[in-house]
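Visitor: predicted model and sequence below, questions to follow.
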Amino acid sequence: MYAEEVAEMAGRIRDEDIALVRERTSIAEVISDTVTLKSAGGGNLKGLCPFHDEKSPSFNVSPARNVWYCFGCGAGGDAIKFLMDAEHLSFVESVERLAARAGIQLRYVEDDRSTPRQRPQQGQRQRLVAAHAAAVEFYRAQLSTAGARPAREFLAQRGFDRAAAERYDCGFAPDAWDLLTKHLRQQGFSHDELVTAGLSRPSRSGSLIDRFRRRLMWPIRDLTGDVIGFGARKLFDDDDGPKYLNTPETPIYKKSHVLYGIDQAKREIAKQGKVVVVEGYTDVMACHLAGVPTAVATCGTAFGADHIGVLRRVLFDSDERAGEIIFTFDGDAAGQKAALRAFEDDQRFVGRTFIAVSPDNMDPCELRLAKGDLAIRDLVARREPLVDFALRHVINRYDLDTVDGRVEAMRRAAPLVAKLKDREKRPEYVRKLAGDLGMEIEPVQRAVLTAGSGQPAGEPSAPARPGPATPTVDSPQSMVEREALKLALQEPVLAGPMFDAVEAAEYRHPVHQAVRAAIAAAGGVATATGGAVWIEQVRDACADLAAQALVGELAVEPLRIDGEPDPRYVSITMARLQWGSVTGRIRDLKSKIQRINPVSSKDEYFALFGELLSLEQHARALREQAAGGL
Ligand SMILES: [Zn+2]
């Protein structure tokens, strides 16, 4: 498909210009915008693959050959292909972006005519980014107008001088219906482009009006520094909108991925191997200005799995080098809840997770105002491991002076220790927990073991029941289960009823069961039409983050077949999957039969034996199917 697209598009951008773009582009620089790369020896570089979830880097870049390749998922190509895959750009958009970067003026040819001419339209992404760049200038200029006084006062009251406002390109959306819209229309942006960008919206009367009015504006940039959206703070009491308003989801703005400040922070994050997650635009500014240059914030959404993915690649978080992620919360109940939620995510994050709770319920911006830059640096330095924080929070809810209180606190706290990813750390935390509770080590250890084995140690709603770990791909059964799920996600129409007929119980690994259950909850494969919508439906139906992450991975992992999959391949895969589970049941049954006395328990013996015979028959049929017969 890529090659076809190249051939088709090469008729539009001149071949020699494309070649020039390839030649003048440093592939390492382009990829470094989104993935932190380290030396892999022999002049090659490596990092964490942006196209599949991994803990140790298998994503390789060869600057000498100008190519990249991932040994984990098999993706690879040149710089153009990287932008197409990583930024979801078209071929032309990718070439245009690289050309702009390298300072190359592209020439276009019209189909079979050989006269080069300026191509009237750029790619969509380029247009939307250009509209945002123009909007930044517009809002910036507005900040010095008379009407923007409340915006300037807001910044000044929070300790941000003119230089700070300029560094973050703060601006003001004026008290007018369509000033920005008209300004951008004059610059040649179309009605549709402004709506798609989220900068304008149609009014009830049908005319186009500005999305943001009478607000303090922060441009939100992606990793490469392109402005892709805005955050807007309410300034006037009679503004009945929410305190913060953000750009809606657009082709370039995905709030689940966006981190405010990442463009300025990424180099320090990679260098220091740590990132500080704060809650708002002013907190990011306060941290950076106070000497904590690694601060970022989510925009209008909770910190989630996609943010972790973005940060892990910048952090180069891997088994070899654990990155540190520090959440700051003001000490109120909401912050504590957020911290515990973060604990749920923590298991997907190899690095160590820390909590920094600011004193007196102050956010970093307030803290800097009240106590100065040093207080911010101190806040980050006094971080506490998330586990310690969560344990303390759980234990504090109980009266440890009573036996009942201590036992209940232990039962609630044990699952948190059982969830610890670093197993070596568990004994240490068992001792610590026993000490905090004033109990012997023995019962605490037992509670942790019970919690770790998947049996509920407290009520089923205990805050952190152990989630299934992501399975390794090493066993043949695990591999065939992955293959079946990949077929369901990538080729639902093909997988169809054959996939739906095999229930979740036939899958051996808990996380595979969870994905299978999510597929059923999303309506089953037989009704799915496929594509991104289908993947999203399954992701939404997942009960836990591990399953959700796996769906993302399996949706893109290549099938283990050369060429196109066909019904026969589906049939073989499903048969092999069931065969694994049936032979497991046969093994269990045989051992059970051996333990039964055929004389004293004659009825049970024959019942089990009959079951064994029919299972063996089923296994034979499956083996034939797995060998290739339909
Ligand atoms: Zn990969």
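Guide: Arrived safely.

Visitor: and R383, how far from E428?
Guide: 18 Å (CB to CB, to the nearest Å). The C-beta positions use only the backbone N, C-alpha and C, and glycine is treated the same way.

Visitor: so which of these two has more stuff around it?
Guide: Neighbour totals were compared for R383 and E428, and R383 leads with 21 against 12 (other CB atoms under 10 Å).

Visitor: pLDDT value on the more buried one, please?
Guide: In this model, R383 is scored at 87, pLDDT.

Visitor: which ones are touching it?
Guide: 326, 354-356 (CB atoms under 8 Å, 6 or more residues apart in numbering).

Visitor: correct me if wrong: R221 contacts I262.
Guide: Yes. In terms of CB atoms under 8 Å, R221 counts as a neighbour of I262; the distance is 7.4 Å.

Visitor: pick the one among the contacts of R383 closest to the ion.
Guide: Of all these, I326 has the smallest distance to the ion: 27.6 Å, by CB to the ion.

Visitor: how far is the host helix or strand of that closest one from where the chain is centred?
Guide: Counting by DSSP states H and E, the element that carries I326 is strand 324-330. Taking the mean of its C-alpha atoms, strand 324-330 sits 18 Å from the chain's own mean (CA atoms, centre = their mean, to the nearest Å).

Visitor: where does the closest residue to the ion within the stretch 201-350 of the chain fall, phi/psi-wise?
Guide: Closest approach between the stretch 201-350 of the chain and the ion, counting by CB to the ion: R313, at 11.0 Å. Dihedral angles of R313 (phi, psi; degrees, to the nearest 10) stand at phi -70, psi -30.

Visitor: what residue ranges in the chain score low on pLDDT?
Guide: 1-11, 110-122, 318-321, 331-351, 421-422, 454-474, 629-630 (pLDDT under 70).

Visitor: does the ion have contacts with stretch 36-51?
Guide: Yes. Counting by CB under 5 Å from the ion, the ion is contacted by stretch 36-51 at 49, 51.

Visitor: quick one: end-to-end distance for that stretch.
Guide: Across stretch 36-51, the terminal residues are separated by 14 Å (CA to CA, to the nearest Å).

Visitor: list the buried residues for that stretch?
Guide: Neighbour counts over stretch 36-51 (16 or more other CB atoms under 10 Å) mark 36-37, 44-51 as buried.

Visitor: likewise for stretch 220-236?
Guide: Buried-residue list, stretch 220-236, by 16+ other CB under 10 Å: 220-224, 226-235.

Visitor: neighbours of A575, how many?
Guide: A575 is flanked by 24 other residues according to other CB under 10 Å.

Visitor: next one: it from the ion, what distance?
Guide: 29 Å (CB to the ion, to the nearest Å).

Visitor: packing partners for the strand or helix carrying that residue?
Guide: Per DSSP H and E: A575 is located in helix 567-594. Secondary-structure packing of helix 567-594 (3 or more CB pairs under 8 Å, 6 or more residues apart in numbering; DSSP states H and E): helix 476-490, helix 492-500, helix 602-626.

Visitor: so which of the ones you listed is the most surrounded?
Guide: helix 476-490 (a mean of 22; mean count of other CB atoms under 10 Å).

Visitor: before we move on, the earlier item: parallel or antiparallel, list what pairs with the strand holding I326.
Guide: The strands beside strand 324-330 in its sheet (DSSP bridges) come out as strand 274-278 (parallel), strand 352-358 (parallel).

Visitor: show me what the helix or strand just after the shortest one is packed up against.
Guide: Put plainly, it is strand 274-278. Using DSSP H and E, the helix or strand that follows strand 274-278 towards the C-terminus is helix 281-289. Contacts defined by 3+ CB pairs under 8 Å, 6+ apart place helix 281-289 against helix 262-272, strand 274-278, strand 295-298, helix 364-371, helix 373-381.

Visitor: could you dump those to JSON lines with mean neighbour count and distance to the ion?
Guide: Shown next, in JSON lines, are the helices and strands packed on helix 281-289 (neighbours: other CB atoms under 10 Å; distance: least, CB to the ion, whole Å):
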{"stretch": "helix 262-272", "mean neighbour count": "20", "distance to the ion": "19"}
{"stretch": "strand 274-278", "mean neighbour count": "26", "distance to the ion": "22"}
{"stretch": "strand 295-298", "mean neighbour count": "26", "distance to the ion": "24"}
{"stretch": "helix 364-371", "mean neighbour count": "21", "distance to the ion": "35"}
{"stretch": "helix 373-381", "mean neighbour count": "18", "distance to the ion": "32"}
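
Visitor: for these, which one sits closest to M574?
Guide: strand 295-298 (40.6 Å; CB to CB).

Visitor: ok, that closest one: who's next to it in the sheet?
Guide: When DSSP bridges is applied, strand 295-298 pairs with strand 259-260 (antiparallel), strand 274-278 (parallel).

Visitor: measure how buried T583 is and give me the count.
Guide: Number of residues near T583 (other CB under 10 Å) recorded here: 16.

Visitor: Three-state assignment for S39, please.
Guide: For S39, the assignment made with DSSP: H, G, I helix; E, B strand; the rest coil gives strand.

Visitor: hang on, the earlier thing: Serialize the helices and strands packed on helix 567-594 to a markdown table and add fields for distance to the ion.
Guide: Converted to a markdown table, those look like this (distance: least, CB to the ion, whole Å):
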| stretch | distance to the ion |
| --- | --- |
| helix 476-490 | 15 |
| helix 492-500 | 23 |
| helix 602-626 | 29 |
